[in-house]
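S.K.: Build the 3D model from these lines:
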Amino acid sequence: MPLATYKGLGAPGFGVEFLSTASTRATLTQDQQNKLLIAGSWSSGAAIVLPQPEVGLQYKIFFQIDATSAATRMVANTGGSDVYFFSTAGGETTAAAVAFQSTQEGGAWIEFTGLSASRWAVTDMPGSTLTGVSLASTTT
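M.R.: Numbering: from 1, shown residues only. Predicted structure coming up:
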């Protein structure tokens, strides 16, 4: 599918992909890196599963609507990998999985970056319509 253009000014710098809502668990692949992934329309308790991290591997995820009744979880791949993040409960920490602090996640734009073969870092992106994405550790 061709990339969209705006009034002939050229294509965006990265592809856009809507994550499937056929299941409440979306497992990301390496083919989805460096694309803008659009998440939304999941029922409660959805999870986004990251692959095994590699240095420099990046995923940008935009949440277009609020969660129904339970916040979306982002899960590090099994095998000892984890997510490094800034927790509102106590500063910098790591966890096997992180989740939004509430179901009000519509407008959040976050990025996962592989720091090593066992660690992801997550940050909120400039332009996120939420002021400071609040994350907490959670179960996988």
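S.K.: ok, the closest residue to Q64 other than its chain neighbours - contacts?
M.R.: Among residues not flanking Q64 along the chain, G40 sits closest, at 3.9 Å (Cβ to Cβ, 6 or more residues apart in numbering). (C-beta placed from N, C-alpha, C; glycine too.) Contact analysis of G40 by Cβ atoms under 8 Å, 6 or more residues apart in numbering lists F18, T21, F63, Q64, I65, G106.
S.K.: Name the residue closest to the centre of the protein, please.
M.R.: Geometric centre of the chain, nearest residue: I61, 4.3 Å, by Cα atoms, centre = their mean.
S.K.: wait, S134 sits on Q104?
M.R.: No: with contact defined as Cβ atoms under 8 Å, S134 does not count as touching Q104 (9.4 Å).
S.K.: Neighbour count: the two, which is higher?
M.R.: S134 (19 against 14; other Cβ atoms under 10 Å).
S.K.: Can you pull the poorly scored residue ranges out of the protein?
M.R.: 1-13, 43-44, 78, 87-90, 125-133, 139-140 (pLDDT under 70).
S.K.: which stretches of it form strands?
M.R.: For the chain, the strands defined by DSSP state E occupy 16-18, 25-27, 36-39, 47-49, 58-63, 73-75, 82-87, 91-95, 97-100, 109-114, 119-124, 135-137.
S.K.: Parallel or antiparallel, list what pairs with the fourth one.
M.R.: By that I understand strand 47-49. strand 25-27 (parallel), strand 73-75 (parallel) (DSSP bridges).
S.K.: Now do the contacts for the nearest residue to P51 once chain neighbours are set aside.
M.R.: Excluding its sequence neighbours, the residue lying closest to P51 (Cβ to Cβ, 6+ apart) is N77, at 5.5 Å. Residues near N77 by Cβ under 8 Å, 6+ apart: V49, L50, P51, Q52, P53.
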